[in-house]
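> My questions are about this predicted structure, shown below with the sequence.
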Amino acid sequence: MKLSFAILAKNEANSIEKCLKSLKGADEIIIVDTGSEDNTIKIAKKYTDKVFTDYKWNDNFAEARNHANSKCSGDWIFVLDCDNQLDTPINEIKDRIAEVEKLGGRTISVKCVSQSGGETHYLPLLYKNSPDIYWKGAAHNHLSEDDRYVSDIIISYWYSDSHFKDKDRTFRILKKEIKKNPNLSREKFYLAREYLYRKDYKNAIKWYNDYLVGSHFDGEKAEACLQLAKCYWNTQKGDLARSVCVQAIGFNANFKEAIEFMAEICGPVNRGRWLWFAQTATNESVLFVRAKQEKKSNYYDDYYKTKPDLSRYDAIYQEIGKIVGNKSILDIGCGPADTFKYVKNYQGFDFSEEAIKIAKEKTDKVWIGLAYDKENFKKADYYVATEILEHTDDYRIIANVPKRKGFIFTVPSFSDPAHLRAYSEQIIKERYRDILDIKNIIIFNWHNQKWEKGGERTTDCVYLVISTKK
């Protein structure tokens, strides 16, 4: 079996080499350059002698990809962009092709994973080299054959510099195509998304609604409804936002992002129930899975460089001091060690160098360390994690806490760009029931720009949980 890789390129000198290095051992690499003015062609020729410059760009990706197909001599074709990296070995890809061929299949979807945001989706980038399999659609193109097999083949992607040299390219193409044919459905979906990227909510609403009238693809309709709900929410139309968000969940009850957004916009009475529902959502059949990724240490370094005023958490730190009394604590992810003010027997660690720099102004019993490393979990009576579990793989961290030791932690009820999840009291009890014996949950409500114990219940709250590791 011969496998061809087909790549379109234009001014990709900063990306193409990373892509081509990942294709080591390829049978054939076809590159169609559509008008580069940098070193793209020179770099490409280091990896293949099949670099073609005979295609003139015409604002039509399907046309260009079909031209690249015509150059391929392999039995199967794998399409990549210059800002893609192949993460599955070629021999394994050929094994998957052989399996699919035995089943009579001719097209295979591969998993595409963003290197920056963690978003995942599937695209039919691998297909049999056959005249009746070709690309359609000038932008966000798709194959002529829909009967495809979903595989475990993975590519990762990023956004190369060339995107910013003609940032309105896709927007321009979509508008032209819809003008030529007002009945196009898929193009309306992606045009609405282009308006949403530009925060032009009025036009995004128009085109999402227009798209929904004629679409029959439930996965795409669920995504359209979620984004339409966000547009309505951003234009202060809460009732419409909730109504359309429920439609998104109706199209796919496993759409976790839609359920979590519903929790954000439905008010405090219903929030906990929606968050609990979201905990069980699997994202099966979701078009774009925008999984949040853990923030790296530089994110927190930048935050602590501003020396933020963390006095809003003061009541929480005081409460922890009352609970532990004269006992010792280990402050996991201690940040600038503000809990130290209320605990006599204190030690802590954090992976942010900036945070530890500030913490050492208060105590020398702090160090730089990662919460996933068990070696940092030094002996203590209580282990404390404030503002940690919502940002991390919480189970891995709790696994490092010694059995039958006190574990005190906080988790939020609300979403944030750095949060991987939000909580309710029910979620806390269910999520940790097999690993923690929960003694008490204290609620701190947002009031007067601070977290205050008890008082009037607000939409946002922080839970302080007192437990013992089982």
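Received the coordinates, thanks.

> so residue 19 makes contact with residue 78?
No - using CB atoms under 8 Å as the test, residue 19 is too far from residue 78 to be in contact (12.0 Å). In short, each C-beta sits where N, CA and C put it, glycine included.

> C-terminal to the lowest-mean-pLDDT helix or strand in the chain, what's the next element?
Scoring the helices and strands of the chain by mean pLDDT, DSSP states H and E places helix 162-165 at the bottom, with a mean of 76. As assigned by DSSP states H and E, the chain's next helix or strand after helix 162-165 is helix 169-180.

> Which elements pack onto that next one?
helix 186-197 (3 or more CB pairs under 8 Å, 6 or more residues apart in numbering; DSSP states H and E).

> what distance separates the helix it packs on from the centre of its chain?
20 Å (CA atoms, centre = their mean, to the nearest Å).

> what is the orientation angle of it with helix 169-180?
Orientation check (axes from the mean of the first three to the mean of the last three CA atoms, to 10 degrees): helix 186-197 against helix 169-180 gives 140 degrees.

> List the buried residues in helix 186-197.
186, 187, 188, 189, 190, 191, 192, 193, 194, 195, 196 (16 or more other CB atoms under 10 Å).

> what comes into contact with the least confident helix or strand of the chain?
Here helix 162-165 makes contact (CB atoms under 8 Å, 6 or more residues apart in numbering) with 10, 11, 12, 15, 82, 83.

> my read: the first one touches residue 38, true?
No - under the criterion of CB under 8 Å, residue 10 makes no contact with residue 38, lying 9.2 Å away.

> out of these two, which sits in the busier spot?
Taking neighbours as other CB atoms under 10 Å, residue 10 and residue 38 compare with residue 10 leading, 18 against 15.

> pLDDT at the more buried one, what is it?
Listed pLDDT for residue 10 reads 95.

> For it, which non-adjacent residue is spatially closest?
Distances taken as CB to CB, 6 or more residues apart in numbering place residue 34 nearest to residue 10, at 4.6 Å, with adjacent residues excluded.

> need the strands for the stretch 101-250 of the chain, in chain order.
107-114, 119-128, 135-136, 142-143, 149-157 (DSSP state E, counting those that start in this stretch).

> Adding mean neighbour count, mean pLDDT and distance to residue 337, write the ones you listed out as JSON lines.
Below are these laid out as JSON lines (neighbours: other CB atoms under 10 Å; pLDDT from 0 to 100; distance: least, CB to CB, whole Å):
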{"stretch": "strand 107-114", "mean neighbour count": "20", "mean pLDDT": "95", "distance to residue 337": "35"}
{"stretch": "strand 119-128", "mean neighbour count": "19", "mean pLDDT": "94", "distance to residue 337": "35"}
{"stretch": "strand 135-136", "mean neighbour count": "16", "mean pLDDT": "96", "distance to residue 337": "57"}
{"stretch": "strand 142-143", "mean neighbour count": "18", "mean pLDDT": "94", "distance to residue 337": "54"}
{"stretch": "strand 149-157", "mean neighbour count": "17", "mean pLDDT": "95", "distance to residue 337": "37"}
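
> can the ones you listed go into CSV with extra columns for distance to residue 397?
What follows is the strands of the stretch 101-250 of the chain, written out as CSV (distance: least, CB to CB, whole Å):
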stretch, distance to residue 397
strand 107-114, 24
strand 119-128, 24
strand 135-136, 46
strand 142-143, 42
strand 149-157, 26
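
> Of all those, which one is nearest residue 232?
strand 119-128 (22.8 Å; CB to CB).

> Paired strands for the closest one, with orientation please.
strand 76-81 (antiparallel), strand 107-114 (antiparallel), strand 289-290 (antiparallel) (DSSP bridges).

> Arrange the ones you listed in CSV, one row each, with distance to residue 253 as further columns.
Below are the strands paired with strand 119-128 laid out as CSV (distance: least, CB to CB, whole Å):
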stretch, distance to residue 253
strand 76-81, 33
strand 107-114, 22
strand 289-290, 15
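
> among those strands, which is nearest residue 171?
It's strand 76-81; of the strands paired with strand 119-128, that one is closest to residue 171 (CB to CB) at 18.1 Å.

> Kindly state the domain boundaries assigned to the chain.
3-161, 168-290, 297-469 (automatic domain parsing).

> Rounded mean pLDDT for the longest one, please.
Spelled out, it's domain 297-469. Mean predicted confidence for domain 297-469 is 95.

> Report the distance from it to the chain centre.
Distance, stretch centre to chain centre, for domain 297-469: 24 Å (CA atoms, centre = their mean).

> what distance separates the start and the end of that domain?
End-to-end distance of domain 297-469 (CA to CA, to the nearest Å): 27 Å.

> I'd like the distance between residue 318 and residue 324.
11 Å (CB to CB, to the nearest Å).
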